[in-house]
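1. Prediction below, plus the sequence it came from.
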Amino acid sequence: MAIGYDFSRLKILVVDDNRFMRETVRAILNAFGINQVQSASEASKAWSAIAEFKPDICLIDWRMDPGPDGLSLVKRIRSDPTSANPFMPVIMLTGNAEARHVVEARESGINLYLAKPISAETLYNRLVAAVEQAKPFVRTANYFGPDRRGRPRADYGGPKRRESDREAAE
């Protein structure tokens, strides 16, 4: 794994109820040159840390005891009017690797998904993706977060519902 980015100015918040996981992620981030790392063991502490520390990226575990869980925290980050940064990239760190869990996490407003156990390489790749592949945010009646649509496929033959498709047709 070649490290090509200077991440030294990034501020990262790690939210996980497992102390070993928080320390492991911190050690990996420090190896990437990220020294501004704070951690929280539960969602309520994370909410306060987001307001005070103002992280650039949050790494959030899905399941935490005591609750609320990571999905609830992401939804609050995205929708609470007092949120310090509703546009902050969120990487979901979780042991839930099934496709239905990925979909549920995306619907909560995460940017990227990373299944445990993690490696330094996969975490680095997600950080690079958070920087290089930032998606625009969209707001609908029941969702606010990164645009979940993939790139338009050239072989797609169904109805065109994107605003850009309609504008091109006119």
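-> The structure has been received and is ready for your questions. Numbers count the residues shown, from 1 in each chain.

2. Check for me that residue 77 belongs to a strand.
-> No. Read with DSSP: H, G, I helix; E, B strand; the rest coil, residue 77 is helix and lies in no strand.

3. mind listing what it touches?
-> Neighbour list for residue 77: 50, 58, 83, 85-86, 88, 90, 109 [criterion: Cβ atoms under 8 Å, 6 or more residues apart in numbering]. C-betas here are computed from N, CA, C, even on glycine.

4. where exactly do the strands run in the chain?
-> Per DSSP state E, the chain carries strands over the ranges 11-15, 36-40, 57-61, 90-94, 112-115, 137-139, 144-146.

5. mind checking how far residue 79 is from residue 70?
-> Per Cβ to Cβ, to the nearest Å, residue 79 is found 15 Å from residue 70.

6. So the two - more neighbours on which side?
-> The neighbour comparison of residue 79 against residue 70 (other Cβ atoms under 10 Å) goes to residue 70, with 27 against 15.

7. is it true that that one touches residue 59?
-> No. Using Cβ atoms under 8 Å, residue 70 is not in contact with residue 59; the gap is 9.7 Å.

8. and for those two, which residues touch both?
-> Common neighbours of residue 70 and residue 59, counting by Cβ under 8 Å, 6+ apart, are residue 15.

9. contacting residues around residue 90?
-> Residues in contact with residue 90 (Cβ under 8 Å, 6+ apart) are 57-60, 74, 77, 109-112.

10. State the distance from residue 86 to residue 77.
-> 6 Å.

11. Give me the pLDDT value at the residue nearest to residue 104 when sequence neighbours are not counted.
-> Spatially, and ignoring its direct neighbours in sequence, residue 104 is nearest to residue 71 (7.0 Å; Cβ to Cβ, 6 or more residues apart in numbering). We note a pLDDT of 93 for residue 71 in this prediction.

12. What of residue 167?
-> Per-residue confidence (pLDDT) for residue 167: 60.

13. Repeat that for residue 55.
-> Model confidence at residue 55, expressed as pLDDT, equals 98.

14. I'd guessed it sits against residue 14; true?
-> No. Residue 55 is not in contact with residue 14 according to Cβ under 8 Å; the separation is 9.2 Å.

15. Spit out the residues that contact those two alike.
-> Common neighbours of residue 55 and residue 14 (Cβ under 8 Å, 6+ apart) are residue 38.

16. who has more neighbours, the two?
-> When neighbours are counted by other Cβ under 10 Å, residue 55 and residue 14 differ, and residue 14 comes out ahead with 27 against 24.
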